[in-house]
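In: the sequence and its predicted three-dimensional model are supplied below.
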Amino acid sequence: MAEINTDQFPQASAKALNNQQLQEYLTRSMGNFDSARKQAIEDVSQEIWEGLREKARQIKKHTIENLDYYLDLLYENVTRSGGFVHFATTDGQARDIIGHISKNRGLTKAIKSKSMVSEEVGLNKYLESVGVEPIETDLGEYIIQLVDETPFHIIAPALHKTRQQVGEIFAEKLNRPGLNTIEDMAGTAREILRDKLLSADLGITGANFLVAETGSVVLVTNEGNGRFCTSKPNVHIALVGMEKLIPSIEDLSVFIRLLPKAATGQRITSYTTHVFGPKTLSEEDGPDEFHLIIVDNGRSKLLEDPVLREALYCIRCGACLNTCPIYRKVGGHSYGWVYPGPIGAVVTPIMTGLKKGKDLPFASSLCGACRDVCPLKIDIPHMLLNMRSKLMEGTSDQRKRGVTEKLASFAYKKLMINVGALSIFRYIAYLLQKPFIRNGYLGKTSIPILKNWTNSRDLPGIPKKRFSQIWEEDQFKEQQ
Amino acid sequence: MNNPFGTPKNQFLDSVRKALGRTKGPPNEIYPLLNETLSTIKKRKEEAEQRISRKKDFLITELTRTAQLVGWNVKTVQNTAAVLTYIRELLNKHKINKVIRTDEKIFETVEIDRELMDSRADLMVNTQSSVQKFDPDTAELGITGADHAIAETGSVVLVSQKGSARLTSLTPSIHLALVKRSVILESLEDIYLFTRLEYYSGKEGKYMTFISGPSRTADIEQVLVVGAHGPKETHMLILDWD
């Protein structure tokens, strides 16, 4: 499994917020995807867009509610086309299955098209350990592989790297100094990776969609590396989360219209590739062996919860990241695992442990922007609230409310039903706070009870006059 | 191939079923698409064909527009001579020496080989038995037909089967696709309906790609660069004479 650092969220996000260079860059660039998406929707009309969203949601809902049935159908049809289907309950199994195939066929050089599940199961490190060289061929993935980092964004893994930084990485890691323009950097990657794309014996991809009816793997890409991975090497392995399924190939027309627009604002991506199994005997090129690995790795924990189940409708477009006021400030790495942003705040704690990821459901202002942009209308804020309540009132392995918090709610309840007591308490608190107030706010304090709150939030100070006093005075003035 | 490391299928499906709290069997609510009979699908396809043929002239205009939007160079031509002129100009403009083409039927009626020889460009036909004039991966121009084109999205659809090698449209930095009038469809619904029927009629073809313009990347600072791993330039000739 990829390293889980979800418990570092408070520190990691504070670090990201204090990284001035990152903040300037994020401010400059984070709106681009968001405005491209808006433009693409405007081009097809809001009405058509809403129709597509509703239809896609119904299709996914039906598939997920009957997932075992459609997985079985998929299995039948992939097998009929001559492909092999493997089921991996855990990340370790997914790695071992690939290790076994590589060993069996004597494979040593793997070209990879971008796959989040591959990141999830920590595939690259494993491949290296069993003597298979993993080569990321998507430009963004290639850049972060060179510096051994994890993706910053679901669809743009190297979003956090400026051109200067990429130039430095190419100079240091590839011995190609002096690259100044983005065109030159992309050109250099094309040139270096071309040999590898042509000489690899294993192609590893993810999948954007799996079609049960025809046993197909569908890849939505722009760079062309996905086509290489599925055309040149002798063996193709698709490593896919079990939720990527849809029933019929005709359902694709809905999703192929939704995904590129929601992701990058494109009408359609350069390539939409449909794999129906290994190549036929008479074909000139293509893999003669095709493996589909269907991965659970914690997804059934989402499945068994009726409220969180709809997180599995996600098609990984990244729109919720692009619009999220939290993601746009703290960036992708703060979340501590593979899936960042609003959807990550839901799936990561469930897949990797709620106790460790207890801060993620709170990393949201619940503004609802993620739900509004989601092409599947996934109700992320509702799920986050549900997780918060689980954490606060949940079972022993989840976070329980502290004694202080319990006392505070008790006192709050008592005060709120007694106007006289509230008034006295308010006045005492007003006097006590005085030494700590700066510009009307209670900033960072060392007061034990308030420390955790004031570390990350400014608490407005208690004003001298109550609202009712101000109101009464105003009424009096008006009467005069 | 049995892999000793995987979970057995039934065990995996059982655990999914358990998580869902459902019992084994087909969905309770019928999924209309998957309950269609073959004759219903055929009938829908015939209706689609009639619709498409009625509006073919409009679809050519629409395909031209949408294809240009995604980065194709598009031209409608009326005869083989115009195709040859286009290829000659392309070879001269880019000083192309090595050309590869697929072994598709279209090249029996649109004969381009002689033109290429006259232009002194090396031509290789991408077949399993083709004489190795040069490494096919070093070709600068790849010429293919098109199994379909989609007016809605500006895409050329290639289905790989005997004679239409996958890499012909991928390794060269320029791709030229010859699109016959008859293969143009209106929408994504059409292509998936047609593909579905072909799947059920057992037609060969294990790989279908929609090509929508040149390869591209915006992975550095979200700045668009045209020409990633696939072609940097794509040309579509619409053969408007059948």
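Out: Everything's here; your move. Keep in mind that this is a model prediction, so the values were computed, not measured.
In: show me the contact partners of stretch A:91-98.
Out: With contact meaning Cβ atoms under 8 Å, 6 or more residues apart in numbering or on different chains, stretch A:91-98 is reached by A:1, A:86, A:88, A:117, A:120-123, A:126-127, A:204, A:237, A:239, A:291, A:293, A:295, A:297, B:3, B:5-7. C-beta here means a position set from N, CA and C on the backbone, and glycine is covered the same way.
In: again, 7 Å this time
Out: Residues outside stretch A:91-98 that contact it (Cβ atoms under 7 Å, 6 or more residues apart in numbering or on different chains): A:1, A:86, A:88, A:120-123, A:126, A:237, A:239, A:293, A:295, A:297, B:3, B:5-7.
In: same deal with stretch B:187-201?
Out: Applying Cβ under 7 Å, 6+ apart, the external contacts of stretch B:187-201 come out as A:214, A:249-250, A:252-253, A:256-257, B:38, B:41-42, B:44-45, B:48, B:52, B:148, B:150, B:152-153, B:157, B:185, B:205, B:208.
In: assign A:Gly203 to helix, strand or coil.
Out: Classification of A:Gly203 using DSSP: H, G, I helix; E, B strand; the rest coil returns strand.
In: so what's it up against?
Out: When the contact criterion is Cβ under 7 Å, 6+ apart, the partners of A:Gly203 are A:111, A:229-230, A:232-233, A:236, A:287.
In: can you tell me how far the closest residue to B:Asn79 other than its chain neighbours sits from A:Leu302?
Out: Leaving aside its sequence neighbours, B:Asn79 sits nearest to B:Trp241 (Cβ to Cβ, 6 or more residues apart in numbering or on different chains; 6.3 Å). Counting by Cβ to Cβ, to the nearest Å, the separation of B:Trp241 from A:Leu302 is 55 Å.
In: now for B:Met117, how many residues are close by?
Out: 11 (other Cβ atoms under 10 Å in any protein chain shown).
In: and A:Asp68, how many neighbours does it have?
Out: Using other Cβ under 10 Å, A:Asp68 is surrounded by 22 other residues.
In: any idea how far it lies from chain B?
Out: A:Asp68 sits 4 Å away from chain B, going by Cβ to the nearest Cβ, to the nearest Å.
In: please apply the same query to A:Glu183.
Out: For A:Glu183 relative to chain B (Cβ to the nearest Cβ), the value is 5 Å.
In: was I right to think that residue contacts B:Val226?
Out: No - using Cβ atoms under 7 Å, A:Glu183 is not in contact with B:Val226, being 9.1 Å away.
In: and B:Pro27, that's in a helix?
Out: No - counting by three-state DSSP, B:Pro27 falls outside a helix, being coil.
In: chain neighbours aside, what residue packs nearest to it?
Out: Nearest to B:Pro27 is A:Asn66, by Cβ to Cβ, 6+ apart, at 4.1 Å.
In: now do the strands in chain B.
Out: For chain B, the strands defined by DSSP state E occupy B:72-77, B:98-101, B:122-125, B:141-144, B:148-150, B:155-159, B:174-180, B:184-185, B:207-211, B:216-217, B:225-226, B:233-239.
In: now do the buried residues in the second one.
Out: Applying a neighbour-count criterion of 16 or more other Cβ atoms under 10 Å in any protein chain shown, the buried positions in strand B:98-101 are B:98-101.
In: of the residues you listed, which ones also sit close to chain A?
Out: Subset of the buried residues of strand B:98-101 in contact with chain A: empty, counting by Cβ under 7 Å from any Cβ of the partner chain.
In: which sections of chain B are below the confidence cut-off?
Out: The model of chain B has pLDDT under 70 over residues B:1-2, B:128-132.
In: pick out the residue of it closest to chain A.
Out: B:Gly230 (2.7 Å; Cβ to the nearest Cβ).
In: what about that residue, neighbour count?
Out: B:Gly230 sits with 28 neighbouring residues when counted by other Cβ under 10 Å.
In: does it touch A:Gly224 like I think?
Out: Yes - contact criterion Cβ under 7 Å: B:Gly230 and A:Gly224 qualify, at 2.7 Å.
In: can you pull out the strands in the stretch 351-480 of chain A?
Out: With DSSP state E, counting those that start in this stretch as the criterion, the stretch 351-480 of chain A has strands at A:437-438, A:441-442, A:459-460.
In: ranking the ones you listed by burial, who's on top?
Out: Compared across the strands of the stretch 351-480 of chain A, strand A:441-442 shows the largest average neighbour count, a mean of 16 (mean count of other Cβ atoms under 10 Å in any protein chain shown).
In: so how far is that one off the chain centroid?
Out: Put simply, strand A:441-442 sits 35 Å off its chain's centre (Cα atoms, centre = their mean, to the nearest Å).
In: pull out the buried positions in stretch B:4-23.
Out: Using 16+ other Cβ under 10 Å as the test for burial, stretch B:4-23 gives B:5-7, B:9, B:12-13, B:15-17, B:19-20, B:22.
In: span of it from start to end?
Out: The first residue of stretch B:4-23 is 28 Å away from its last residue (Cα to Cα, to the nearest Å).
In: also stretch A:320-340?
Out: When the termini of stretch A:320-340 are compared using Cα to Cα, they are 10 Å apart.
In: avg pLDDT for it?
Out: Average pLDDT, stretch A:320-340: 96.
In: list the buried ones in it?
Out: Neighbour counts over stretch A:320-340 (16+ other Cβ under 10 Å) mark A:320-324, A:326-340 as buried.
In: more crowded one of A:Glu183 and B:Val226?
Out: B:Val226 (17 against 14).
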